[in-house]
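Enquirer: Have a look at this prediction, sequence included:
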Amino acid sequence: MFGFFSRKGPQVAHISPSGTSIEVGPEDNLLKAALDKGLAWPHNCRVGSCGQCKCRLVSGKIKPLNDFSYVLSGEELEAGMILACQTRLRSEVEIEVALDQTAAKLSPPKSIGGVIANARQLTHDILAVHIKLDESIPPYLAGQYAELSVPGVIDKPRSYSFASAPEKELPGHVSFYIRHVPNGEMTTWLHAENRAGHRVSVTGPYGSFWLRDSNAPMLCIAGGSGLAPIKALLEQVSERGFQRRVVFVFGARTRDDLYCLDDMRRIKERGKGQFDFIPVLSREPESSDWNGLRGNCTDILSYDGFDIPNSHAYLCGPPGMIDSAIDALARGGMSQENIFFDKFFDASNMQGARA
């Protein structure tokens, strides 16, 4: 798989069964090149953690940027599976991947300048950042994300989910909920002072986390700033008139870490009995008058009110929470194909992903 004497310069990847061929630059990974060409390649994190960009290397030589075994199983590796976001080409290659038909209908990502219109503190470590764009961003789906950079200050882009469904956002604006990550360059800069008026660059949309067409009950689980894409999904469901039963379990440390409660109340009012919001606190002092649920948000999945086998799950938050939720849902009888997730990697577990 390693081509030590392969020629430098672009290499060609032939994609089957779509019959598409793309050039991949010597410093580009396969996923980036595919997305830049507008291909609807399944992906979420773009940093080698979610596994959704996996594909099969049929022929040719590659250079892995990281060990695939951290994400792919032994059986997948033996079958020739690789991670597109962690792959550079060392020769012409043939790749098998099922391109996402929904993503194929979306516009390719685009970089757009803008200015931070305002930023307000939601909790002690989560900031709502609203950006006025120089022009409209290409159409995106609730649940997707964009890359944010600050020219001349923080040029390496960071990924953040859109915090509102497109139909709920102001024209020409986008919003993000950004958690302060210790040692995170971008989040530390944003949280240090009011950055209103600063020029930024927004590139997107990216990601394959969005609402699937179904009337199956919907179980949402999020923690921290993972509330942003879930809120966007819920706004979309609300706008459509709640044709399905929806439960949202939100995990936080203490009552002070709860936010967007007014948004949840409005969604519940529109749900007319079809929506429940269940906050679960893991570190609320025992002496407090909190009469809600305590523990980890995945601890309550055995609750009789959840029809796990017949539901679809949408999960957003830190990797440990997502992995725990997936395990719990699988034990409860939910099919893997009905579990959709977006892991939020940051400086504490993967440098630069959302920091």
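Expert: Structure's in. What do you need? Predicted model, so just to flag it, every value in this text is computed and none were measured. Numbers count the residues shown, from 1 in each chain.
Enquirer: Residues contacting stretch 257-272, please?
Expert: Stretch 257-272 is contacted by residues 122-124, 126, 224, 227, 231, 234-235, 238, 242, 246, 248, 250, 252, 275-277, 279, 281 when judged by C-beta atoms under 8 Å, 6 or more residues apart in numbering. Using the backbone N, CA and C atoms, a C-beta is placed for each residue, glycine as well.
Enquirer: So which residues of the stretch 1-150 of the chain form helices?
Expert: Using DSSP state H, counting those that start in this stretch, the helices of the stretch 1-150 of the chain run over residues 30-36, 74-78.
Enquirer: got those helices as a markdown table, with distance to residue 106 columns?
Expert: Formatted as a markdown table, the helices of the stretch 1-150 of the chain follow (distance: least, C-beta to C-beta, whole Å):
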| stretch | distance to residue 106 |
| --- | --- |
| helix 30-36 | 11 |
| helix 74-78 | 27 |
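Enquirer: want to try JSON lines for those helices, with mean neighbour count, mean pLDDT and distance to residue 325 as columns?
Expert: Output for those, formatted as JSON lines (neighbours: other C-beta atoms under 10 Å; pLDDT from 0 to 100; distance: least, C-beta to C-beta, whole Å):
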{"stretch": "helix 30-36", "mean neighbour count": "22", "mean pLDDT": "90", "distance to residue 325": "25"}
{"stretch": "helix 74-78", "mean neighbour count": "11", "mean pLDDT": "93", "distance to residue 325": "22"}
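Enquirer: so which of those helices comes closest to residue 160?
Expert: helix 30-36 (17.1 Å; C-beta to C-beta).
Enquirer: Show me where the stretch 251-355 of the chain has its strands.
Expert: 275-281, 293-294, 312-317, 339-343 (DSSP state E, counting those that start in this stretch).
Enquirer: gap between residue 62 and residue 87?
Expert: Per C-beta to C-beta, to the nearest Å, residue 62 is found 5 Å from residue 87.
Enquirer: Let's verify residue 188: helix, strand, or coil?
Expert: helix (DSSP: H, G, I helix; E, B strand; the rest coil).
Enquirer: tally of neighbours for the nearest residue to it once chain neighbours are set aside?
Expert: Spatial nearest neighbour of residue 188, excluding adjacent residues (C-beta to C-beta, 6 or more residues apart in numbering): residue 180 at 6.8 Å. Residue 180: 19 surrounding residues under other C-beta atoms under 10 Å.
Enquirer: Same check on residue 170?
Expert: So residue 170, with other C-beta under 10 Å, has 11 neighbours.
Enquirer: Look up phi and psi at it.
Expert: Backbone torsions for residue 170, taken as degrees, to the nearest 10, come to phi -60, psi 140.
Enquirer: Could you check how far residue 88 is from residue 80?
Expert: For residue 88 relative to residue 80 (C-beta to C-beta), the value is 17 Å.
Enquirer: between the two, who's got more neighbours?
Expert: Neighbours per residue, other C-beta under 10 Å: of residue 88 and residue 80, the larger number sits with residue 88, 18 against 14.
Enquirer: Which strand in the protein has the most residues?
Expert: strand 110-121 (DSSP state E).
Enquirer: May I see the buried residues of it?
Expert: By 16 or more other C-beta atoms under 10 Å, the buried positions in strand 110-121 come out as 112, 114, 116, 117, 119.
Enquirer: One more: stretch 35-49?
Expert: 35, 37, 39-49.
Enquirer: cool, and stretch 236-250?
Expert: Result for stretch 236-250 [16+ other C-beta under 10 Å]: buried residues 236, 237, 238, 242, 245, 246, 247, 248, 249, 250.
Enquirer: Residues contacting it, please?
Expert: Here stretch 236-250 makes contact (C-beta under 8 Å, 6+ apart) with 142, 165, 167-168, 211, 214-223, 227, 230, 234, 258, 264, 267, 270-272, 274-280, 297, 300-301, 305-306.
Enquirer: mind saving the C-alpha coords of that stretch as CSV?
Expert: C-alpha atoms of stretch 236-250 as CSV (Å, rounded to 0.1, in the frame of the first residue of the first chain):
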residue,chain,number,x,y,z
GLN,A,236,-37.2,21.2,10.9
VAL,A,237,-39.6,18.6,12.4
SER,A,238,-41.6,21.4,14.1
GLU,A,239,-42.0,23.3,10.8
ARG,A,240,-43.3,20.1,9.2
GLY,A,241,-45.9,19.7,11.9
PHE,A,242,-44.6,16.8,14.0
GLN,A,243,-45.6,13.8,11.9
ARG,A,244,-43.7,11.6,14.3
ARG,A,245,-43.2,11.1,18.1
VAL,A,246,-39.9,12.8,19.2
VAL,A,247,-38.0,12.6,22.5
PHE,A,248,-34.9,14.7,23.1
VAL,A,249,-32.6,13.6,26.0
PHE,A,250,-30.0,16.3,26.8
